[in-house]
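# Show me the folded form of this:
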Amino acid sequence: MARPSGWVAVILAVCLLSLAGCSRRQAAVTSARPVPASALELGPDLASLPGNTFQVTLSERVVRMEREDFRKSIRSISTDNTTLVFDPTDAAAARLSQGSILFIPGFAVRKVAVVTRQAGNVVVVTEDPTLPEVIKNGKIQWAAPVKFAQVRQQQRADLAISPDRTAFARLTGALQPTVYAAAPASLSGEADGWNYKLSATPEPDKLNLELMVSREYNGVVITVNGSGYVQNFETAATILVQDSSLKYFDFKNTNLNGMVNFGWQAAKNEKGVEAAEQRIKLPSSFSIPLPIGGLPFSLEVSEALLIHPAFTGGGEVARGRFRVEYNGVQGFNFKEGNVEQDGQAGGDGSIVDNFSLAPLAPVGFVAAVAMPRIELKLGTDTVFQVVKQFVPSTLADAALNLVKSSPLGKFLNDAVSDKLKTTGAAYAQLVISTSTIAAGVGSLIPCQKAMLISTISVGANATLLGKDKGKVSKDVFRQEKKIVVPPTKSCDV
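Have a look, this model is predicted:
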């Protein structure tokens, strides 16, 4: 989600100040507990690994808050992790102003949009910073193997069990520093009216992924299932910044191999047209912090869905099952505003099953899944989730709700853009696009057609890299397969 900046942030500050009094009673209600030191414990920094490089001068806008100070002063973190509430006596929080970069080594780096006070607390509304806003000059380079065989349970002192039962573990290599990862994770909930269940479970040489999404609306019942795995791989990145300008960015995942089974079924029992497109961005199912030199990079594994039914009558049914295997080196380099492929990716897909029943009118159904999506992010949302076990979101959410109820509320709501786009600085993903079309049994030729398009793409969020081009991407692999019944030219249109 794009967040306010510039003059918008100034107006936002005025709105927050004018409404602060209204929130005093809400903000005073909290049950915060002291955050234990173990909640912010991190493994060794990647900069300690031979061959990795961290030579960085941070921007003058950076305000450093030590983790110990953060642990003692944090009072609330909003549900979406954008709004932080601090004790007013914290020295670093007192230095924050619009445009500051809040830096908590190994944990978080956030750009400050608004700072205000409510009920005696310091409320900080933040957004994602660009790399050149954080780094004035620097070279960062790392390579780190991701070995799921070495995930083991990491006990945390005084850590409350989260509702989704996510346990925190260590991911280690024989010569690697230790980094934390959420494993195994089992998530369930609702996103935009869709019920979902996600799981990410490590095995000796891979990470198993499963998802199920379902919804009933306007007489349409839809269920989507996905399962598969990602094998051990190596992730690497190189970042060059000079005079607060990004000169070079390289991101690569070597031997990123795996398999995905993707299936869906849909039925419409009531008459009437249903052709609304649904876009669903699911929570990250697995996160791997990669701190280097204190800068909190992380890899997140996530999934996203696009569903578009085109049912025109009642009694219509459609289903499909597909399988895709993928492999190779998936990466790119970003130089002078251009994206170039780095590596070679491959794959093979198959249409396992396809069926459509359209008694009268034509029926169509499109379903696409990005699974897995490997995103490189600046920040560790995983640790935010741990801290929120001790500091409730009540205060921060109340401040955010004030903004939404202000004249800027519509601006913030309209800022929600394509839910399928990446929110990381870089990504690699497998996209499985499927479709089925049936002419209806009453047609002169009752045609059926199913298509599978498998695409491996890599790219960058140029905005987060400090460029003006927006999102830039490149397909490194694409394969199309189809089934036509009957196999005639008149049906293959």
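# I456 contacts D475, correct?
Yes. Between I456 and D475 there is a contact at 7.1 Å, judged by C-beta atoms under 8 Å. (Each C-beta comes from the backbone N, C-alpha and C, glycine too.)
# Please identify which of those two sits among more neighbours.
I456 (23 against 13; other C-beta atoms under 10 Å).
# ok, now which ones touch the more buried one?
326, 328, 330, 345, 347, 428-431, 475-478 (C-beta atoms under 8 Å, 6 or more residues apart in numbering).
# Please repeat the previous calculation with a cut-off of 7 Å.
Applying C-beta atoms under 7 Å, 6 or more residues apart in numbering to I456 gives the contacts Y326, Q330, A345, G347, L430, V476, F477.
# hang on, the fifth one packs against V260?
Yes. Under the criterion of C-beta atoms under 7 Å, L430 makes contact with V260 at 6.5 Å.
# Which neighbours do those two have in common?
Taking C-beta under 7 Å, 6+ apart as the criterion, L430 and V260 both touch V324, M371.
# So between these two, which is more surrounded?
L430 (29 against 24).
# Check which helices and strands the strand or helix carrying the more buried one is in contact with.
Element membership for L430, per DSSP states H and E: strand 426-438. Where contact means 3 or more C-beta pairs under 7 Å, 6 or more residues apart in numbering; DSSP states H and E, strand 426-438 is packed against strand 258-268, strand 316-328, strand 345-357, strand 363-378, strand 448-461.
# between the last one and strand 345-357, how big is the angle?
Put plainly, it is strand 448-461. Orientation of strand 448-461 against strand 345-357 (axes from the mean of the first three to the mean of the last three C-alpha atoms, to 10 degrees) gives an angle of 140 degrees.
# Okay, now the sheet partners of whichever helix or strand comes after strand 448-461, with direction.
Once strand 448-461 ends, the next helix or strand along the chain (criterion: DSSP H and E) is strand 471-485. In the sheet, strand 471-485 lines up against strand 448-461 (antiparallel) (DSSP bridges).
# now the strand it pairs with and strand 316-328, what's the angle there?
Strand 448-461 and strand 316-328 are oriented at 50 degrees to each other (the same axes, to 10 degrees).
# so where's the stretch 201-350 of the chain uncertain?
For the stretch 201-350 of the chain, the stretches flagged by pLDDT under 70 are 269-276, 311-315.
# Show me which of the contacts of I456 is closest to L187.
Nearest to L187, judged by C-beta to C-beta, of those is L430 at 20.2 Å.
# Let me see the ranges of the helices in the chain.
Ranges of helices in the chain, per DSSP state H, are 7-19, 24-27, 67-73, 91-95, 131-134, 381-387, 394-405, 409-414.
# Quick one: distance of the fifth one to the chain centre.
Going by C-alpha atoms, centre = their mean, to the nearest Å, the spacing between the C-alpha centre of helix 131-134 and its chain's C-alpha centre is 20 Å.
# just checking, what packs against that helix?
Looks like helix 131-134 contacts strand 233-242, strand 245-254 (3+ C-beta pairs under 7 Å, 6+ apart).
# how about the strands of the stretch 1-150 of the chain, start to end?
For the stretch 1-150 of the chain, the strands defined by DSSP state E, counting those that start in this stretch cover 53-58, 62-64, 74-77, 83-86, 101-104, 108-118, 121-127, 135-146.
# Please name the strands paired to the last one in the sheet, noting orientation.
To tie it back to what came earlier, the one meant is strand 135-146. strand 53-58 (antiparallel), strand 233-242 (antiparallel).
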